[in-house]
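J.: build the 3D model from these lines:
(one chain, ligands or ions: 5)
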Amino acid sequence: MMIKTFGLVLFFSLSQSKNRFMPNLPLGEYCLVIDKVYRCESRTNHTIQFNVYSSKKTSNITEMKGNITFLIPFDVNLTVDINFSSWGSTGGWIPNYYILIRKKACSSLRNLYGNAWFKYINAFNVPTDRCPTPVGTYITSGYDLTKFEDNNLPKVFFYGKYKVVFHFKNVENKVVGCMVAELNFIRPWETPI
Ligand SMILES: *[C@@H]1O[C@H](CO)[C@@H](O)[C@H](O)[C@H]1NC(C)=O
Ligand SMILES: *[C@@H]1O[C@H](CO)[C@@H](O)[C@H](O)[C@H]1NC(C)=O
Ligand SMILES: *[C@@H]1O[C@H](CO)[C@@H](O)[C@H](O)[C@H]1NC(C)=O
Ligand SMILES: *[C@@H]1O[C@H](CO)[C@@H](O)[C@H](O)[C@H]1NC(C)=O
Ligand SMILES: *[C@@H]1O[C@H](CO)[C@@H](O)[C@H](O)[C@H]1NC(C)=O
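T.: Numbering: from 1, shown residues only. Ligands and ions are numbered 1, 2, ... in the order given. The predicted structure follows:
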């Protein structure tokens, strides 16, 4: 429902503008720059442990490092709740900008990430790119976050800086895993700061 409404808003916004590449439009085609990834502060009893952090490899490449430990399979019983906060014009995060909830977390993310999923699976040396992801600890020597650009996310979004929290919940609606990404949707002709 949310996606539909969102899509409709996008459609009208785009069709009303003669030139959709007008630099001051609030939304449009973007380049996705992931600044940071990190684990959530609260991790009590998590059975999916995102021991990840980001590290700058070069001035324009940031890598995800660390490991992900699945004490339970990453399977159809899990729901992923993706919560966007936006960066306010006067600073500070404004919560609940956009919320996306998907059942069957593994296959949903696999579909959403597209080619980026396979690169991610490869980087973490996961033995299968299919769902479920089996129990295990998966370690990466570095996943180049610019590779995340090749995904199936909507190609148009509102420009800006966002904090995205991924909560993974089990059938009892308990949080079993959590991680955070901070990212920027920038205009294609802009360069990241
Ligand atoms: C963690 O698990 C223990 C044992 O099942 C339980 O007593 C405790 O309340 C749980 N803590 C949280 C924050 O869920
Ligand atoms: C996974 O990361 C955590 C936190 O950085 C670390 O303590 C642990 O040793 C790592 N596990 C493996 C198998 O690398
Ligand atoms: C990063 O910068 C280098 C040197 O300026 C450039 O060759 C490379 O294409 C850039 N990579 C990306 C992913 O933008
Ligand atoms: C998870 O889903 C599988 C496949 O449907 C099922 O066999 C299993 O019992 C479920 N586990 C839990 C904890 O619900
Ligand atoms: C989204 O995140 C904000 C800030 O962390 C939190 O206050 C809010 O409850 C979350 N919403 C949902 C639906 O999880």
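
J.: please count neighbours and contacts with C-alpha atoms only from this point.
T.: Fine.

J.: interface residues of the protein facing ligand 2?
T.: Proximity of the chain to ligand 2, by CA under 6 Å from any ligand atom, involves residues Asn51, Gly66, Asn67.

J.: how many other residues sit next to Trp189?
T.: Under the neighbour criterion other CA atoms under 10 Å, Trp189 is assigned a count of 9.

J.: and it, how far is that from Gly28?
T.: 12 Å (CA to CA, to the nearest Å).

J.: cool, and Arg102?
T.: Remark: distance between Arg102 and Gly28 (CA to CA) = 24 Å.

J.: who has more neighbours, the two?
T.: Each of Arg102 and Gly28 has its neighbours counted (other CA under 10 Å); Gly28 has more, 23 against 15.

J.: list the beta-bridge partners for that one.
T.: Gly28 forms beta bridges with Phe157, as assigned by DSSP bridges.

J.: again with Cys178
T.: Counting by DSSP bridges, Cys178 is bridged to His167.

J.: that one: neighbour count?
T.: Cys178 has 24 neighbours, counted by other CA under 10 Å.

J.: tell me who's in contact with it.
T.: Residues counted as contacts of Cys178 (CA atoms under 8 Å, 6 or more residues apart in numbering) are Arg39, Cys40, Arg43, Ile48, Gln49, Phe50, Val165, Phe166, His167, Phe168.

J.: may I see the residues you listed organised as a markdown table, with distance to Ala123, neighbour count and pLDDT added?
T.: A markdown table is the format used below for the contacts of Cys178 (distance: CA to CA, whole Å; neighbours: other CA atoms under 10 Å; pLDDT from 0 to 100):
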| residue | distance to Ala123 | neighbour count | pLDDT |
| --- | --- | --- | --- |
| Arg39 | 18 | 18 | 96 |
| Cys40 | 21 | 18 | 97 |
| Arg43 | 24 | 16 | 93 |
| Ile48 | 18 | 24 | 98 |
| Gln49 | 17 | 21 | 97 |
| Phe50 | 15 | 22 | 97 |
| Val165 | 21 | 22 | 97 |
| Phe166 | 20 | 20 | 97 |
| His167 | 22 | 20 | 98 |
| Phe168 | 21 | 25 | 98 |
